[in-house]
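Asker: Make a model of this:
(4 chains)
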Amino acid sequence: MILVQQSDFDPGHELDKLVKDRTDIGASVSFVGHMRARNNGRAVETMTLEHYPGMAEKALARIEAEARDRWPLDASLIIHRVGPLKPGDRIVLVITASAHRQAAFEAAEFLMDWLKTKAPFWKKEEGPDGTNWVAAKDTDENAAQRWTASPKS
Amino acid sequence: MILVQQSDFDPGHELDKLVKDRTDIGASVSFVGHMRARNNGRAVETMTLEHYPGMAEKALARIEAEARDRWPLDASLIIHRVGPLKPGDRIVLVITASAHRQAAFEAAEFLMDWLKTKAPFWKKEEGPDGTNWVAAKDTDENAAQRWTASPKS
Amino acid sequence: MKILYFAWFRDRIGKPEETINAADCENKTIADLIRLLVERGEEYATAFEDISVVHAALDMEEVPLTTPIGKARELAFYPPFTGG
Amino acid sequence: MKILYFAWFRDRIGKPEETINAADCENKTIADLIRLLVERGEEYATAFEDISVVHAALDMEEVPLTTPIGKARELAFYPPFTGG
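Answerer: Numbers count the residues shown, from 1 in each chain, chains lettered A, B, ... in the order given. Okay, the predicted model is just below:
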């Protein structure tokens, strides 16, 4: 399931809902992206997540489907927040669940790498040094590239 | 921090406690091991986790220290349950938090791989086919081996 | 056809979207349209200055700038994604 | 010296621990002690049957079976770990 929302989410509650009454799941990985008060040496007071409504949901659904195609996942969830956020706020949640841990770990990393580079979200940072749009990172692009072949066996 | 306990844990609550008031953490990974109703084709009704009191805590503390030595972690937590468990029950929780996601993901995988092979816990399964002690898996041993060199850069 | 501008495209051009005459796009690629837009004024010229960071989607599907616009109803311009 | 048995070692030997005369361990390795134990009876022989899955810790520190017992206060026998 994928969700794009302004409101906060509760990682533990989302995990509970996902694994409730399931006895085939042996491993779950929950990734949370948290907002930091500093980025690239600059203080950040507010970070605003912009997205392309419609295309963002479509992109996340496609990325999730790709993960479920590549790994034997029993459950998965992506929640991406939009709007203004403050330091310490949760930004994004990815949960993957599988019979074994390797699939859950790999799929969670894959989802994070791909959603950073293949879904239409943009971060704007505001702080004492002014406002700037965050630039894409080569490290994110490289991280996404490693999944273009078939998954690690 | 490491904990060995009979009682259940709340992954979301543990994550909240770990990242509360921190604005330097950009990424957290929470791994939960869940008990499955079937293992290696056998139905399992009760799984009992035995441990070596004293040595188990010592081993987990050492594994956690090793992870914090290898990756720039801002926070980490290992909770391992002992005693009888039922299908769907949580077994183990590992949380890692760092400025960036790669360190958090790698450290969480490392902690799981090492705690499976280097900490004195043993699983006994009881089901309609009788009782048996779970055998160690080569795949776990291989997973642990990949971390004997320095961490991926 | 509707054109959408995201992130600093919107800031530089000064509007989130505009409607363009479909006839202006007939038989044109996205790159052709960018050349037309740039002639409209400084704000467009600045937005499309560094073509290496210009990304485009036709009807919510990312495509190369060499793609013909065809009968698309929505064209979006945006910089590389930075979500997650 | 205290000897602890975990998992199926305890099941097969029929007790979680026992105390052994320190003099019996003097100048002995863990492997030497295993040979002594095996002579005690069928339950020990069965427990130590497949030496490849016998692991040992001296004072809560895993060591090879070739390690001299020395002045250790606690020796534990157990199969490979299966936690997590």
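Asker: Name the SS class of residue A:122, please.
Answerer: Secondary structure state of residue A:122, per DSSP: H, G, I helix; E, B strand; the rest coil, is strand.
Asker: Which residues of chain A lie near chain C?
Answerer: If contact is defined as Cβ under 8 Å from any Cβ of the partner chain, the residues of chain A in contact with chain C are A:33, A:49-52, A:54-55, A:58, A:80, A:91-92, A:112, A:115-124, A:133-136, A:140. For every residue, glycine as well, the C-beta is placed using N, CA and C.
Asker: how about stretch C:64-71: buried residues?
Answerer: Taking 16 or more other Cβ atoms under 10 Å in any protein chain shown as the neighbour-count basis, stretch C:64-71 is seen to contain the buried residues C:67, C:69.
Asker: Indicate whether it makes contact with chain A.
Answerer: No - where contact is defined by Cβ under 8 Å from any Cβ, no part of stretch C:64-71 touches chain A; the two come within 15.2 Å at best.
Asker: Please apply the same query to stretch C:55-62.
Answerer: Yes - judged by Cβ under 8 Å from any Cβ, stretch C:55-62 comes into contact with chain A through C:57, C:60, C:61.
Asker: Is there a neighbour count for residue A:134? I'd like the number.
Answerer: Neighbouring residues of residue A:134 were enumerated by other Cβ atoms under 10 Å in any protein chain shown; the total is 18.
Asker: dump the residue contacts of it.
Answerer: For residue A:134, the contacting residues are A:39, A:122, A:123, A:124, A:125, C:82, taking Cβ atoms under 8 Å, 6 or more residues apart in numbering or on different chains as the criterion.
Asker: Look up phi and psi at it.
Answerer: As for residue A:134, its main-chain torsions (degrees, to the nearest 10) stand at phi -70, psi 140.
Asker: per-residue pLDDT, it?
Answerer: On the pLDDT scale, residue A:134 is placed at 95.
Asker: ok, now residue A:152?
Answerer: At residue A:152, the pLDDT value in this model is 48.
Asker: Also residue C:28?
Answerer: Residue-level confidence at residue C:28 comes out at 95, pLDDT.
Asker: residues in contact with it?
Answerer: Residue C:28 makes contacts with C:36, C:68, C:69, as judged by Cβ under 8 Å, 6+ apart.
Asker: Mind putting the contacts of residue A:134 into a markdown table with distance to chain B, neighbour count and pLDDT?
Answerer: Conversion of the contacts of residue A:134 to a markdown table gives the following (distance: Cβ to the nearest Cβ, whole Å; neighbours: other Cβ atoms under 10 Å in any protein chain shown; pLDDT from 0 to 100):
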| residue | distance to chain B | neighbour count | pLDDT |
| --- | --- | --- | --- |
| A:39 | 8 | 18 | 92 |
| A:122 | 17 | 24 | 98 |
| A:123 | 12 | 22 | 98 |
| A:124 | 17 | 19 | 98 |
| A:125 | 13 | 20 | 97 |
| C:82 | 13 | 20 | 97 |
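Asker: which one of those residues is nearest residue D:29?
Answerer: If you rank the contacts of residue A:134 by distance to residue D:29 using Cβ to Cβ, residue A:39 comes first, at 57.4 Å.
Asker: ok, the closest one touching residue A:124?
Answerer: No - in terms of Cβ atoms under 8 Å, residue A:39 does not count as a neighbour of residue A:124; the distance is 11.6 Å.
Asker: And whichever residue of chain A sits closest to chain D, what's its pLDDT?
Answerer: When scored by Cβ to the nearest Cβ, chain A has residue A:101 as its residue closest to chain D, at 8.3 Å. Note on residue A:101: pLDDT of 97.
Asker: How about it: what's its closest non-neighbour residue?
Answerer: Setting aside the residues directly before and after it, residue A:101 is nearest to residue A:27 in space (Cβ to Cβ, 6 or more residues apart in numbering or on different chains), at 3.9 Å.
Asker: Who are the contact partners of that neighbour?
Answerer: Neighbouring residues of residue A:27 by Cβ under 8 Å, 6+ apart: A:97, A:98, A:99, A:100, A:101, A:103, A:104, A:105, B:31, B:32, B:33, B:34.
Asker: By neighbours, which of those wins?
Answerer: Of all the contacts of residue A:27, residue A:104 has the most neighbours under the rule other Cβ under 10 Å, reaching 30 neighbours.
Asker: Nearest to residue A:6 among the contacts of residue C:28?
Answerer: residue C:69 (32.6 Å).
Asker: dump the residue contacts of the closest residue to the closest one other than its chain neighbours.
Answerer: Once flanking residues are discounted, residue C:69 sits nearest to residue C:25: 4.3 Å by Cβ to Cβ, 6+ apart. Residue C:25 sits next to C:1, C:33, C:69, C:72 when contact means Cβ under 8 Å, 6+ apart.
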